[in-house]
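Novice: Just the structure for this:
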Amino acid sequence: MLDLNSLRADKKASEEGTWATYFGGKFLIARYNNDKATQLRAKLMIENFDVISKQDDEALRLSDEINAKVMSETILLDWQGVGIDGKEVKFSVEAAYKYLSDPELRDFYQFIENYSLN
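Specialist: Numbering: from 1, shown residues only. Alright, predicted model coming up:
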């Protein structure tokens, strides 16, 4: 029997994140639906409703941009051991957004998103 109490979210971990390892890097990841992420996502979707509701290429581009913004500001909270071309990249919201929005790093984005959903 499934005890629903076993599914209760840890509020602190949801907001403050937990560490995950991915290809040697460590990432502090909050839950996808944490309060800050939900609020920012709703705000950005409402502000851009006219464009997003068209469901065209521009809407898709903007939706991806919003998702990367929400992820970099409220879900990916820190990292360690991350670099480009052998040089360490210090964590910042700007750096997180840069790499999360890079189409060639889609697997990185997918890892962060998938971990935040579990």
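Novice: Please count neighbours and contacts with C-alpha atoms only from this point.
Specialist: Will do.
Novice: any low-confidence regions in the protein?
Specialist: For the chain, no stretch has pLDDT under 70.
Novice: try it again with 90
Specialist: 2, 5-15, 52-53, 55, 59-60, 118 (pLDDT under 90).
Novice: how close does residue 21 sit to residue 54?
Specialist: For residue 21, the distance to residue 54 equals 38 Å [C-alpha to C-alpha, to the nearest Å].
Novice: could you pull out the strands for the protein?
Specialist: Secondary structure of the chain by DSSP state E: the strands cover 18-22, 25-29, 76-80, 83-84, 87-88.
Novice: So which bits of stretch 82-100 are buried?
Specialist: Within stretch 82-100, the residues scored as buried using 16 or more other C-alpha atoms under 10 Å are 82, 91, 96-97, 99-100.
Novice: same deal with stretch 36-45?
Specialist: Buried, per 16+ other C-alpha under 10 Å, within stretch 36-45: 36-37, 40-41, 44-45.
Novice: tell me the most buried of the strands of the chain?
Specialist: When those are scored by mean count of other C-alpha atoms under 10 Å, the highest mean neighbour count falls to strand 76-80 (a mean of 21).
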